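Enquirer: make a model of this:
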Amino acid sequence: MPVSLRELSKRTQGLTPGHRACAGCGFPSIIRLVLGATTDPKVVANATGCMEVVTTIFPYTAWPVNWIHSLFENAAATIAGVESAYRALKRKGKIKTDKEIKFIAFGGDGGTYDIGLQSLSGALERGHNFLYVLYDNQAYMNTGIQRSSATPFGAHTTTSPAGKVIPGKLQKRKEITDIVAAHGIPYAAQASISHWLDLQKKAEKALTTEGPTFLNVLSPCTPGWVIPDDMTVEVAKMAVETRAWPLYEVENGYYRVTYKPKEYVPIEEWFKMQGRFKHLLKRPDLIAEAQRQVNETWERLLWLETRPRKEEEK
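Expert: Residues are numbered from 1 along each chain as shown. Below you'll find the model as predicted:
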């Protein structure tokens with residue numbers, strides 16, 4: 001069952017104070033909510049990226065759990081290997097414990113959407129018992145705010161600069177949660193730091209589900225998105241209200257939208273909050289295209305949600 005914020009604060013958290021993340025960064029909250037969703041022992045693999053860099057500047061660490069640094073591209077393979085070794089040692093009687101160990105990997109855009117996709121896909125296909133958490137800040141923030149396949153249409157980055165010829169990124173954001181769900185895993189979900197209870201419920205479900213599971217969590221980046229450091233939650237919430245970032249889960253292949261805005265807020269309202277989209281405010285044609293993409297994705301999700309389950313088909 002979901003726990004209260006008071007109860008979460010009493011649990012042993014997965015990140016201590018003193019890390020060096022930017023003010024307003026979203027991922028510290030993600031770590032605490034995800035790792036606070038279970039009291040079981042944990043082993044964490046962390047792909048190279050902002051999260052790894054700012055929490056483990058030698059000789060210090062902000063991780064009070066068993067933690068392994070991995071390269072950009074192989075955090076999923078690393079945690080899969082640890083999980084396999086654990087199962088082998090238990091079979092041989094070399095590990096004797098009644099406690100269930102949770103195996104969790106954290107990765108950003110590069111480690112998940114792009115150069116780490118092959119590693120993740122392989123681990124999912126093999127069926128390892130682990131949770132993969134994507135902290136989705138929609139660009140390669142650690143190396144200079146370059147565009148990734150997570151970057152939304154129209155966003156300005158250092159490698160998709162907005163100018164007279166090209167108005168930011170020209171391509172639509174890759175739907176990584178759908179790609180992961182297509183592997184036939186038991187649970188995948190999309191969440192946001194702005195909706196902490198929804199995220200905590202999904203983390204708990206993922207950590208109590210046997211087999212590979214996946215969480216894609218929106219994590220605003222203050223320098224990359226060009227937002228004030230006290231507006232992180234508000235910007236994340238507007239992403240949900242505009243349906244630019246739908247909250248949903250895919251359980252054994254069946255979709256369920258976990259939050260439906262009472263009113264459909266135009267995508268332009270989300271753009272207005274961020275410097276990376278300021279050039280679009282002068283281009284109503286591009287705003288219209290971005291809105292069309294949002295509407296199309298939302299309608300597809302609603303359609304997927306209405307598909308009858310097997311027991312209903314009988």
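
Enquirer: I figured residue 286 was touching residue 167, is that so?
Expert: Yes: with contact defined as Cβ atoms under 8 Å, residue 286 counts as touching residue 167 (5.8 Å). Where C-beta positions appear, they are placed from N, C-alpha and C, glycine not excepted.

Enquirer: so what sits against both of these two?
Expert: Counting by Cβ atoms under 8 Å, 6 or more residues apart in numbering, the common neighbours of residue 286 and residue 167 are 154, 280.

Enquirer: could you pull out the strands for the chain?
Expert: With strands called from DSSP state E, the chain shows them at 42-47, 66-70, 102-107, 131-136, 187-192, 213-218, 248-251, 254-257.

Enquirer: tell me what the fourth one is packed against?
Expert: Think strand 131-136. Contacting strand 131-136 under the criterion 3 or more Cβ pairs under 8 Å, 6 or more residues apart in numbering; DSSP states H and E are the following elements: helix 27-35, helix 75-91, strand 102-107, helix 109-112, helix 117-126, helix 176-181, helix 196-207, strand 213-218.

Enquirer: residues contacting the third one, please?
Expert: It refers to strand 102-107. By Cβ under 8 Å, 6+ apart, strand 102-107 touches 31, 34-35, 38, 40-47, 49, 51, 70, 75-76, 78-79, 82-83, 86, 116, 120, 128-135, 207.

Enquirer: could I have the CA atoms of that strand written out in CSV?
Expert: C-alpha atoms of strand 102-107 as CSV (Å, rounded to 0.1, in the frame of the first residue of the first chain):
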residue,chain,number,x,y,z
LYS,A,102,15.7,-5.2,-4.7
PHE,A,103,17.9,-4.6,-7.8
ILE,A,104,17.5,-1.1,-9.3
ALA,A,105,19.2,0.8,-12.1
PHE,A,106,19.1,4.6,-12.6
GLY,A,107,19.9,6.2,-16.0
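
Enquirer: centre of the chain to it, how far?
Expert: Distance of strand 102-107 from the chain centroid (Cα atoms, centre = their mean, to the nearest Å) equals 12 Å.

Enquirer: pLDDT of that strand, averaged?
Expert: Strand 102-107 comes out with an average pLDDT of 97.

Enquirer: so in that sheet, which strands flank it, and in what orientation?
Expert: When pairing is defined by DSSP bridges, strand 102-107 lines up against strand 42-47 (parallel), strand 131-136 (parallel).

Enquirer: as JSON lines, those strands with mean neighbour count and distance to residue 110 would be great.
Expert: Putting those into JSON lines (neighbours: other Cβ atoms under 10 Å; distance: least, Cβ to Cβ, whole Å) gives the following:
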{"stretch": "strand 42-47", "mean neighbour count": "24", "distance to residue 110": "8"}
{"stretch": "strand 131-136", "mean neighbour count": "28", "distance to residue 110": "11"}
